[in-house]
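Chemist: The sequence isn't on hand, but the structure is:
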Ligand SMILES: [Zn+2]
Ligand SMILES: [Zn+2]
């Protein structure tokens, strides 16, 4: 049995706290698992929602779910990747439930356990909480056990154990500092348009929230031949970026009164996307829908968040559709997004700022202050 690997990881010890870089041990991959030397990992709002206690993920924990790196070993039975392959990591699905059987892994019946419980899913069975442990030599037996397996990866670390299902092989020349965030943020926005809502030619589209998810959705809607595309975000500094990605106009919420938006859209929106997870935004999105219009709900909210809608208004064929991970079937969709970027139609490279792993708290602060759209951590301090 190979020995546990010594790794470095950003550990979150308490709700709302800072991340601390610590030495940890990582067990070797078991059957069906893949050990990845992480090169880059994006930071997503979901990491911060978990930091703040939005879901009951146990602490201390290693978060990070937009990892990318090089496979360094595979467990028994793994066939689709080998050591040396370059891979992106993404969300995990069980592969065995009714949704997975139907080819809809984003709606895996075990999505919450697979991605947020910090339980490791090995060989078709739930197992002990973590492949991670404190080094025995650290002399800290009083420390609570450290949890991993967040999105079956926990990639705020130099190495991660994933499952065969949530790694996607990519070409060897793929720049992982740009493409690591495909595995959550960018596929969530782009996939909501390309895979789920598929606007008809000339459709009126409104995107609420100009972060990495919203910008990916705007680029996708422009690429799909949408008509008028409007972006709504209180941060005016993001408005030029929204136009660069394909929005016809960008507005603050104060400038986006329902009647004005409907007029700009010739009566109402065919498609709205709420990337913010805020109840009042979902309400605003449903209020401006045209008859038969669809509001996509793609932003995460703390458990139990409720929103109100006008029931009579909804009766006229309007829909609210929850969309997880852009309905992405990873091994097919992620390579297509890479190709779209290479054709210049998905300019995500403009949104990335890289930080060494040791500067994770600065990266989070810059993200929360709206100074950077998508921070990406580099595990080797190359810059
Ligand atoms: Zn499943
Ligand atoms: Zn995410």
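Modeler: Yep, that arrived. Note that this is a predicted model, so its numbers are computed, not measured. Numbers count the residues shown, from 1 in each chain. Ligands and ions are numbered 1, 2, ... in the order given.

Chemist: Over to residue 301: give its phi and psi.
Modeler: Torsion angles at residue 301 (phi, psi; degrees, to the nearest 10) stand at phi -130, psi 160.

Chemist: how near is the closest residue to it other than its chain neighbours to residue 41?
Modeler: Nearest non-adjacent residue to residue 301, counting by C-beta to C-beta, 6 or more residues apart in numbering: residue 277, 4.0 Å away. The C-beta positions use only the backbone N, C-alpha and C, and glycine is treated the same way. Look at residue 277 and residue 41: by C-beta to C-beta, to the nearest Å, they are 22 Å apart.

Chemist: For the two, work out which one has more neighbours and name it.
Modeler: residue 41 (34 against 20; other C-beta atoms under 10 Å).

Chemist: Where does residue 336 sit: helix, strand or coil?
Modeler: Under DSSP: H, G, I helix; E, B strand; the rest coil, residue 336 falls in the helix class.

Chemist: That one: neighbour count?
Modeler: For residue 336, using other C-beta under 10 Å, the count is 12.

Chemist: And it, how far from ligand 1?
Modeler: Residue 336 sits 23 Å away from ligand 1, going by C-beta to the ion, to the nearest Å.

Chemist: just to revisit the earlier point, host element of the residue nearest to residue 301?
Modeler: Using DSSP states H and E, residue 277 sits within no helix or strand.

Chemist: now swap in residue 201 and tell me
Modeler: Counting by DSSP H and E, residue 201 is part of no helix or strand.

Chemist: and the closest residue to it other than its chain neighbours, what is it in contact with?
Modeler: Beyond its immediate neighbours in the sequence, the residue positioned closest to residue 201 (C-beta to C-beta, 6+ apart) is residue 225, lying 4.6 Å away. The contact partners of residue 225, by C-beta atoms under 8 Å, 6 or more residues apart in numbering, come to 199, 201-202.

Chemist: out of those, who has the most neighbours?
Modeler: residue 199 (20 neighbours).

Chemist: hang on, that residue in a strand?
Modeler: No. Read with three-state DSSP, residue 199 is coil and lies in no strand.

Chemist: how about the residues of this structure that lie near ligand 1?
Modeler: Taking C-beta under 5 Å from the ion as the criterion, the neighbours of ligand 1 within the chain are 93-94, 97, 100, 108.

Chemist: and those, which of them are in helices?
Modeler: Among those, the members falling in helices (DSSP state H) are residue 100.

Chemist: which stretches of the stretch 151-300 of the chain form helices?
Modeler: Per DSSP state H, counting those that start in this stretch, the stretch 151-300 of the chain carries helices over the ranges 176-179, 185-191, 212-223, 239-244, 258-264, 279-287.

Chemist: which of the ones you listed is buried the deepest?
Modeler: Neighbour counts (mean count of other C-beta atoms under 10 Å) averaged over each of those peak at helix 185-191, with a mean of 29.

Chemist: Which elements pack onto it?
Modeler: Here helix 185-191 touches helix 212-223, helix 330-342, going by 3 or more C-beta pairs under 8 Å, 6 or more residues apart in numbering; DSSP states H and E.

Chemist: Present the ones you listed as TSV; the columns should include mean pLDDT.
Modeler: Below are the helices and strands packed on helix 185-191 laid out as TSV (pLDDT from 0 to 100):
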stretch	mean pLDDT
helix 212-223	97
helix 330-342	97
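
Chemist: Let me have those helices in JSON lines, adding distance to ligand 2 as columns.
Modeler: Shown next, in JSON lines, are these (distance: least, C-beta to the ion, whole Å):
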{"stretch": "helix 212-223", "distance to ligand 2": "9"}
{"stretch": "helix 330-342", "distance to ligand 2": "14"}
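
Chemist: so who does residue 94 touch?
Modeler: 100, 108-110, 114, 121, 124.

Chemist: Quick check: chain neighbours aside, which residue is closest to it?
Modeler: Closest to residue 94 by C-beta to C-beta, 6+ apart is residue 110, at 4.5 Å.

Chemist: Ok, residue 66 next?
Modeler: residue 42 (3.5 Å).

Chemist: how close does the one you found sit to residue 64?
Modeler: 8 Å.

Chemist: which neighbours do the two share?
Modeler: In contact with both residue 42 and residue 64: residue 377, using C-beta under 8 Å, 6+ apart.
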